[in-house]
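Enquirer: next input, structure requested:
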Amino acid sequence: MKKRTAAESGNWPISSAMQPEAHVEQLASELAELRKQLAESLEQQTATTEVLRVISSSPGNLQPVFDSVLAKATDLSEASYGTLWLREGDNFRSAAVHNLPPALAEARGREPVVPFARNTGVGRVMERRQIVHVADMSKDPAYLARNPRAVLLVKLGGARTVIFVPMLKASEVVGVLTIYRQEVRPFSRSQIGLVQNFAAQAVIAIENARLLNELCQRTDDLSESLERQTATSEVLRVISGSPTDIRPVLDAVGQNAARLCEATNAVIFRLEDGLLRQVAAYGHLATSSHPMQGLPIDRETVTGRAVFERRTIHVYDLAAEESEYPQGSKHARIDGHRTTLATPMLREGVPVGAILIRRTEVRPFSQKQVHLVTTFADQAAIAIENARLFNELNELNEQLEQRVADQVGEIERMGRLRRFLPPQVADLIIASGGEKQLESHRREITALFCDLRGFTGFSESSDPEDVMTLLRDYHSAIGEIIIKYSGTLERYAGDGVMVIFNDPVPVSNPALQAVKMALDMRGAIGALIEKWRRLGHDLGFGIGIAHGFATLGTIGFEGRFDYAAIGTVSNVASRLCDEAKPGQILISPRVLMAVENDATVEPVGEFALKGIRRPMSAYNVLSAGPSKN
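Expert: Numbers count the residues shown, from 1 in each chain. Sure, this is the predicted structure:
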């Protein structure tokens, strides 16, 4: 077994140089020091507990807390006296003092609030947000010369060693604890820490008081707001329950306005035939002073002026405003009221009535009460407007029923047009309100015809499902492009598609618009042809474009109409398309004349077109933009 050392066993041998008596004296001294520390710690804990008790027992009163904090901080740090300063904007106010020398107290009493200054201890705390510890204030002549208040502390207060401890809330200085000794004896680390602890407790008390005050104020505001909301809800409930009868609404408005605004009475007026007529009243004042024929809208009464100027008029004492309101003062002498408030009831800025509340005493209404009366005035105006609208609504309903029947017929017609006519034609007819555009007429147009090379063979050798899928892709691609260039889809049959320009929607250069669309089509269908080729389908795409006169209008029968262009120009476009090789865009000479400065073309020779007496020169469009040659 390992033997324990003397250190491990706690049995240290007594040095031969230390006699038993000396060892006992050392232990006694250490024990006395330990007891002293325990007594100080207990005293500090007791003082802290007492301060916390004061904080908890005075949640809304900070003065007992400040007094206790300062007294405990001063006494336990073995200081002579102290001051607790609170920050108020750019100034500091002495909120508590402890053991202040009489001469210094008298001087302080003449100036309890001091401005912030950088050359003071408090000012240095503000800048550094740290403790300032001055060993001897009297040994710093330069500091004393810059700080007249420090001179008073030294001369009248005998201040020597001093500490300035900041009261911090989230790094912001809200106050300063200043603890003074009348002797040169620096404070120990533990004493400074003790004062810091008390400063923190003072900040906690300040924050608790602030939160309590905010809570109390918030509670009062919520109670008042709840009462106002309840009254407002009640008025709205009456409005919703009386869509045609406004008398219950105006009675509820007058009653709640008088009660919540602590008014002697409330009177509601409606504007009828240019006069304000009383329609509801609540309270104890006589109302005989209001003439039965109504009040005029002028400046001689408070209510008349409120409506005339379309704003709230608040008169603190009507008896003292006889020159301003001669008729109103006359009414006041009869009814006995003094403080008066009138608010116009406005609907979209137009007056429809007014609310008048009065007191027999001179006591102005608060801003919240003024706002509440304004709210009631808005609600009353809504009720009056609702009743008017309700009556008008009944009349409009009868008119609307007939309109709906007429519009249903129009919608059905529009649906038929959009179903069987090109979108441009249908929209133009609907916008004009007639169908004159459908009548036969003659106009100069550009016609474009396109189809797929090899489609007939493909359709004969492929499954119908494959044919339908290919046509859907093909029609979808060219359909988007036709809409993009505002072309009129004249017809499509299988892979053949005819598009016209300049009817019914006019186009400044229809030939150029057709060529641009053709180039766009060639690019889009070219991508599809490459896709079809990978699937084993050998197809091509050709386009023919011609320009000339045609007769346009609807053809067909009831239930199935088409918009057609009849004339040589359509035949020429179709025949040019037949002659076009895969990827070619063949145009007629008239089209060439319209686009030669805006497109690059190449001649491809003359063609004997079916139905055309003479051979026709044709040109292949290579790209947009003029030739570089």
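Enquirer: so where is the stretch 351-500 of the chain shaky, pLDDT-wise?
Expert: Across the stretch 351-500 of the chain, the ranges flagged by pLDDT under 70 are 409-426, 428, 432-435, 437.
Enquirer: now with 80?
Expert: 385-396, 398, 400-401, 403-439, 492 (pLDDT under 80).
Enquirer: and the strands in the stretch 301-450 of the chain?
Expert: Per DSSP state E, counting those that start in this stretch, the stretch 301-450 of the chain carries strands over the ranges 313-315, 340-347, 350-358, 441-453.
Enquirer: just checking: what are the partner strands of the longest one?
Expert: Spelled out, it's strand 441-453. When sheet partners are counted by DSSP bridges, strand 441-453 sits next to strand 496-501 (antiparallel), strand 540-557 (antiparallel).
Enquirer: can you check the shortest one too?
Expert: Pairing partners of strand 313-315, with direction, according to DSSP bridges: strand 340-347 (antiparallel).
Enquirer: chain center to the strand it pairs with: distance?
Expert: 30 Å (C-alpha atoms, centre = their mean, to the nearest Å).
Enquirer: before we move on, the earlier item: deepest of the strands paired with strand 441-453, which one?
Expert: Compared across the strands paired with strand 441-453, strand 496-501 shows the largest average neighbour count, a mean of 24 (mean count of other C-beta atoms under 10 Å). To be clear about C-beta, it is placed using only N, CA and C from the backbone, and glycine gets the same treatment.
Enquirer: so the helix or strand just after it versus strand 496-501, what angle?
Expert: Helices and strands here follow DSSP states H and E; after strand 496-501, the next one along the chain is helix 510-534. Here helix 510-534 runs at an angle of 160 degrees relative to strand 496-501 (axes from the mean of the first three to the mean of the last three C-alpha atoms, to 10 degrees).
Enquirer: helix 510-534: which residues count as buried?
Expert: 510-522, 524-525, 528-529, 532 (16 or more other C-beta atoms under 10 Å).
Enquirer: sorry, back to before: the strands of the stretch 301-450 of the chain: which one's closest to Leu62?
Expert: strand 313-315 (37.6 Å; C-beta to C-beta).
Enquirer: and that closest one, how far out from the chain middle?
Expert: For strand 313-315, the distance to the chain centre is 34 Å (C-alpha atoms, centre = their mean).
Enquirer: how about the strands in the stretch 151-300 of the chain?
Expert: Under DSSP E, counting those that start in this stretch, the stretch 151-300 of the chain gives strands at 162-169, 172-180, 265-272, 275-283, 295-296.
Enquirer: just send these back as CSV, with mean neighbour count and mean pLDDT too.
Expert: What follows is the strands of the stretch 151-300 of the chain, written out as CSV (neighbours: other C-beta atoms under 10 Å; pLDDT from 0 to 100):
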stretch, mean neighbour count, mean pLDDT
strand 162-169, 23, 90
strand 172-180, 23, 90
strand 265-272, 22, 88
strand 275-283, 19, 86
strand 295-296, 20, 84
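Enquirer: adding distance to Phe308, write those strands out as a markdown table.
Expert: As requested, the strands of the stretch 151-300 of the chain are exported to a markdown table (distance: least, C-beta to C-beta, whole Å):
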| stretch | distance to Phe308 |
| --- | --- |
| strand 162-169 | 54 |
| strand 172-180 | 53 |
| strand 265-272 | 11 |
| strand 275-283 | 10 |
| strand 295-296 | 9 |
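Enquirer: right, and the ones you listed - which one's nearest Asp378?
Expert: Using C-beta to C-beta, these put strand 265-272 closest to Asp378, at 13.4 Å.
Enquirer: now the closest one - C-alpha only, PDB.
Expert: What follows is strand 265-272, C-alpha atoms only, in PDB (Å, rounded to 0.1, in the frame of the first residue of the first chain):
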ATOM      1  CA  ASN A 265     -76.500  66.500 -24.100                       C
ATOM      2  CA  ALA A 266     -76.100  65.600 -27.800                       C
ATOM      3  CA  VAL A 267     -78.200  66.800 -30.700                       C
ATOM      4  CA  ILE A 268     -78.200  65.200 -34.200                       C
ATOM      5  CA  PHE A 269     -79.100  67.400 -37.200                       C
ATOM      6  CA  ARG A 270     -79.800  66.400 -40.800                       C
ATOM      7  CA  LEU A 271     -79.300  68.700 -43.800                       C
ATOM      8  CA  GLU A 272     -82.700  69.100 -45.600                       C
END
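Enquirer: which residues touch it?
Expert: Residues from elsewhere that reach strand 265-272 (C-beta atoms under 8 Å, 6 or more residues apart in numbering): 250, 253-255, 257-258, 276-285, 287, 290, 294-295, 297, 303, 307, 337, 351-358, 380, 384.
Enquirer: 7 Å instead, please
Expert: 250, 253-254, 257-258, 276-285, 287, 303, 307, 351-358, 380 (C-beta atoms under 7 Å, 6 or more residues apart in numbering).
Enquirer: which among the strands paired with strand 441-453 is found nearest to Thr74?
Expert: strand 496-501 (100.6 Å).
Enquirer: what is the burial count for Gln584?
Expert: 23 (other C-beta atoms under 10 Å).
Enquirer: do the same with Val572
Expert: 25.
Enquirer: residues contacting stretch 363-382, please?
Expert: Residues from elsewhere that reach stretch 363-382 (C-beta under 7 Å, 6+ apart): 228, 232, 235-236, 239, 249-250, 253, 256-257, 260-261, 268, 312, 314, 316, 339, 341, 343-347, 352-353, 355, 357.
Enquirer: what segments of the stretch 101-250 of the chain are helices?
Expert: 102-109, 121-128, 141-146, 148-157, 189-241, 247-260 (DSSP state H, counting those that start in this stretch).
Enquirer: now do the stretch 301-450 of the chain
Expert: Under the criterion DSSP H, counting those that start in this stretch, helices of the stretch 301-450 of the chain are mapped to 302-309, 326-335, 367-420, 423-432.
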